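S.K.: here are the coordinates; sequence isn't available:
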Ligand code: NAP
Ligand code: HSE
């Protein structure tokens, strides 16, 4: 057997501790499968004395992850700290410059600096792998980069943030408040160190930008992702959508169109009976459509210790087996710069609004929609006790541009109180 593959692991939190456990508990299995023993040389985290639930005494300790990344007894630098600046970026760059391969779970780092890091890795003859960065335990990076490499990809879509899906499903299924569901997700280890990354859609936007780069051969363009979090979704929307046969999901959709690359991460309605509509809890789902393969659906745990460490180990095993691929599926210099396109593919929309309960109010709203060229598919007015009437409208397919014109028109009618909620219904 060749000499061992030596790891330096920076970050011993949920994911890092999970990776240490797998390396310790499955040493024989990993060596048999990869043909190389996998060992840990050194580790780093902020506080040395913290109990991580796994023995660390056999490993050298480094306070500074940059020093860890450059150690002579490290072949692969495993970055599991998080954050797109500071130690994660510094140590990753230092590792590549020192001739180490890198495995990371850090989508923020790659969403912001993916192109530069991929170029640096290639200039040094090194490899960056990041399976755990997108959809936790689902091997979607491998599927897209390798198994689907013979396809022109037509659409990438998915629920890629376990925290948001957990919150939305617990609000619907258990009638929990947003705060209660959020606290449960925290207890399960789903949350980013800064949870606004989760509920603001930013974390999922990072992931979508990485998938889009591989799928469409474009440079990572996180800044061009249209982002909207779940903060504006009320229990009322969840109930009304369910009543009309839909579920609300924080859904990412990316397509390469004649106008440019569409990347949208926003709450959407999907049919309750569809695979995406059935997705519950912290589970993720990624849907890929290719010209040869048709539609592929991958579902699994998107966060948490075991699933994420599983994905990190898959990357380490690839390196042990000698699999060495370009970061985003082709050499960094061949990735095309992105022309961002606002998501404009027509879709039906769900509109919820409150109208003054007086003659002609509904007619005014219908006229505004008609003037914007929007046709109504379904409409409901709910029971109400006071003089404010809750109304739901599902439109036929229209563009976001036409909808924005209609929403601006509604604000001028004098019969709509508050801001209407407008959510896209994605055909899946
Ligand atoms: P975490 O539990 O917060 O752990 C972060 C670890 O990094 C901690 O051990 C912390 O040290 C260490 N760290 C932070 N700053 C450091 C610094 N300046 N120097 C040295 N060590 C430092 O985070 P996590 O959930 O494991 O996530 C790690 C990465 O995996 C992130 O990029 C995250 O986005 C990604 N990820 C997480 C999940 C998940 O389910 N949790 C899923 C997919 C991807 P202390 O422990 O001493 O504070
Ligand atoms: N905070 C992320 C989530 C972890 O909730 O999905 C996995 O990337």
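M.R.: Alright, I've got the coordinates. Since we're looking at a predicted model, the values are computed, not measured. Ligands and ions are numbered 1, 2, ... in the order given.

S.K.: where exactly do the strands run in the stretch 51-200 of the chain?
M.R.: Shown for the stretch 51-200 of the chain, the strands assigned by DSSP state E, counting those that start in this stretch span residues 60-61, 76-79, 101-104, 128-129, 153-159.

S.K.: near ligand 1, which residues of the chain show up?
M.R.: Contact residues (Cβ under 6 Å from any ligand atom) of the chain with ligand 1: 10-16, 44-47, 50, 65, 80-82, 87, 105-106, 132, 136, 189-190, 192-193, 303-304, 308. To be clear about C-beta, it is placed using only N, CA and C from the backbone, and glycine gets the same treatment.

S.K.: which of those residues count as buried?
M.R.: Listed as buried from these are 10-16, 44-45, 65, 80-82, 87, 105-106, 132, 136, 189-190, 192, 303-304, 308; burial here means 16 or more other Cβ atoms under 10 Å.

S.K.: related to what we said a few turns ago, which of the residues of the chain next to ligand 1 are close to ligand 2?
M.R.: 136, 190, 192, 303.

S.K.: show me the two of those that sit farthest apart.
M.R.: 136 and 192 (12.6 Å; Cβ to Cβ).

S.K.: sorry, back to before: looking at the strands of the stretch 51-200 of the chain, spot the one closest to residue 287.
M.R.: It's strand 153-159; of these, that one is closest to residue 287 (Cβ to Cβ) at 4.4 Å.

S.K.: what does the closest one contact?
M.R.: Under the contact criterion Cβ atoms under 8 Å, 6 or more residues apart in numbering, strand 153-159 has outside partners 135, 144, 165, 204, 208, 211-212, 215-216, 249-256, 276, 279, 283-291, 302, 426, 428.

S.K.: drop anything exposed from those.
M.R.: Buried by 16+ other Cβ under 10 Å: 135, 144, 165, 204, 208, 211-212, 215-216, 249-256, 276, 279, 283-290, 302, 426, 428, out of the contacts of strand 153-159.

S.K.: which of the three states applies to residue 46?
M.R.: When classified by DSSP: H, G, I helix; E, B strand; the rest coil, residue 46 comes out as coil.

S.K.: my bad, residue 212
M.R.: helix.

S.K.: and the pLDDT for it?
M.R.: The confidence metric pLDDT takes the value 98 at residue 212.

S.K.: ok, it touching residue 253?
M.R.: No. At 9.9 Å, residue 212 does not count as touching residue 253 under the criterion of Cβ atoms under 8 Å.

S.K.: identify the contacts common to those two.
M.R.: In contact with both residue 212 and residue 253: 156, 263, using Cβ under 8 Å, 6+ apart.

S.K.: what stretches of the stretch 251-400 of the chain score poorly on pLDDT?
M.R.: Where the stretch 251-400 of the chain drops to pLDDT under 70, the residues are 384-385.

S.K.: and it, which of its residues are near ligand 2?
M.R.: 302, 303.

S.K.: Three-state assignment for the closest residue to ligand 2 within the stretch 251-400 of the chain, please.
M.R.: Here the stretch 251-400 of the chain gets closest to ligand 2 at one residue, residue 303, 3.6 Å apart by Cβ to the nearest ligand atom. Residue 303 falls in the coil class when you classify it by three-state DSSP.

S.K.: which ones are touching it?
M.R.: With Cβ under 8 Å, 6+ apart, residue 303 has these contacts: 136, 162, 163, 188, 189, 190, 282, 284.

S.K.: show me what contacts the fourth one?
M.R.: What that stands for is residue 188. Contacts of residue 188 (Cβ under 8 Å, 6+ apart): 166, 282, 303, 304.

S.K.: can you redo these as TSV with distance to residue 220?
M.R.: Shown next, in TSV, are the contacts of residue 188 (distance: Cβ to Cβ, whole Å):
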residue	distance to residue 220
166	27
282	25
303	21
304	25
